[in-house]
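S.K.: need a 3D model of the following:
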Amino acid sequence: MTQPLLHRQGRAFGAALLFATAFAAQAQSSSPSASSDPRGRWITANGNLEVEVAPCGAALCGTVTKVLGNRSMAPGGGDMQAADKRPALGMTLLKDFAPVDAADPARPPTEWAGEIYNRENGKLYSCNMSVSTAGNAAGELLLHAYVGIPLFGKTQRWVRVASD
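M.R.: Modelled structure (predicted):
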């Protein structure tokens, strides 16, 4: 059975529109700007800490520069009882973050892989890091921590500290 001409044209238009949208999204994501750079100061997801992401050797690391609160990340957000009793100030929470795709030196990286330390439970997790401006023009640091494979993980959104 043949389809009416209008239906075939509609499907062709839909396919062309889908292709154009995918191409535009790829072009936008393949030209990262300074807003995709994770270096700078960030407020953690629970609002407890200000963390400075900066180079440490060939990698990027994140060190606590200011303590703002002591709320738990657990549902309810009561006072946190940290498993790690060391002072948070000066603690390295993000370490050894290297670009995931550094094959093209002319193209700045958009994703990094390293480790994140959870002082609430004292554990170190594998972590992927990227910056998104979709929900916040100043930027959000997306940190996807996981054990084993990224499929079984959790993403935190840290907010960039406003410029003074």
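
S.K.: in its sheet, what does the helix or strand where K95 lies sit against?
M.R.: Assignment of secondary structure by DSSP states H and E places K95 within strand 92-99. Strand pairing for strand 92-99, determined by DSSP bridges: strand 59-67 (antiparallel), strand 112-118 (antiparallel).

S.K.: burial count for A134?
M.R.: 8 (other Cβ atoms under 10 Å). C-beta here means a position set from N, CA and C on the backbone, and glycine is covered the same way.

S.K.: which residues touch it?
M.R.: E140 (Cβ atoms under 8 Å, 6 or more residues apart in numbering).

S.K.: next one: it from E115, what distance?
M.R.: With the distance defined as Cβ to Cβ, to the nearest Å, A134 ends up 25 Å from E115.

S.K.: ok, Y146 next?
M.R.: Computed with Cβ to Cβ, the distance linking Y146 and E115 is 11 Å.

S.K.: between the two, which contacts overlap?
M.R.: In contact with both Y146 and E115: 125-127, using Cβ under 8 Å, 6+ apart.

S.K.: in strands, which of the residues you listed fall?
M.R.: The strands, defined by DSSP state E, take in 125-127 from the shared contacts of Y146 and E115.

S.K.: need those in a markdown table (columns: neighbour count, distance to D96 and pLDDT).
M.R.: Shown next, in a markdown table, are these (neighbours: other Cβ atoms under 10 Å; distance: Cβ to Cβ, whole Å; pLDDT from 0 to 100):
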| residue | neighbour count | distance to D96 | pLDDT |
| --- | --- | --- | --- |
| Y125 | 16 | 12 | 97 |
| S126 | 16 | 10 | 97 |
| C127 | 24 | 10 | 98 |
